[in-house]
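>>> Provide a 3D model corresponding to the input given below.
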Amino acid sequence: AGTKKTAKSSSTLAVKQVKISDIISGSLGFGSSQSNREFLEKIEKTEKEKQIKAVEEESRKIYAYWDQLEVYPSCCPCARESATLTYLNGKIYLFGGISMELHDTLYAFQPETSSWSP
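Modelled structure (predicted):
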């Protein structure tokens, strides 16, 4: 009885480090230099688009930090609810609101001096 030997085929995948310039020039033998250049340009464009998108997403985030200021009570408005606050030209404006009464006075807060004025 004879034994049958079968040859096993094995394939080896070789990984080779290549230079970008070799890919662009087409000297590696896959595709024309034009198609290689277009492929690399597409990759670069995709990477730039990803970076731009990440920056845009980060810029949409709003960070708020609160500090307690010492306010000089020369004419500090009383505590109230349902008032309107607006920031304009470096000042914070407060209008209206309700406490024990309805308020209809406009106040301006100046952050540089930490003071209110009617």
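
>>> leaving out sequence neighbours, find the closest residue to Pro77.
Tyr107 (4.8 Å; Cβ to Cβ, 6 or more residues apart in numbering). C-beta coordinates here come from the backbone N, C-alpha and C atoms, glycine included.

>>> wait, doesn't that neighbour sit right on Gly96?
No: counting by Cβ atoms under 8 Å, Gly96 is not a contact partner of Tyr107; they are 10.2 Å apart.

>>> can you say which helix or strand has Phe39 in it?
helix 33-59 (DSSP states H and E).

>>> helices or strands up against that helix?
For helix 33-59, the contact count by 3 or more Cβ pairs under 8 Å, 6 or more residues apart in numbering; DSSP states H and E identifies helix 20-25 as packing neighbours.

>>> now the helix it packs on: average pLDDT?
On average, the pLDDT along helix 20-25 is 60.

>>> remind me which residues of this protein are low pLDDT?
1-34, 36, 69, 71-74 (pLDDT under 70).

>>> again, only this time at 50
6-7, 9-10 (pLDDT under 50).

>>> right, and the helix or strand after the helix holding Phe39?
strand 84-88.

>>> report the buried residues of that following strand.
For strand 84-88, a neighbour-count test (16 or more other Cβ atoms under 10 Å) marks nothing as buried.
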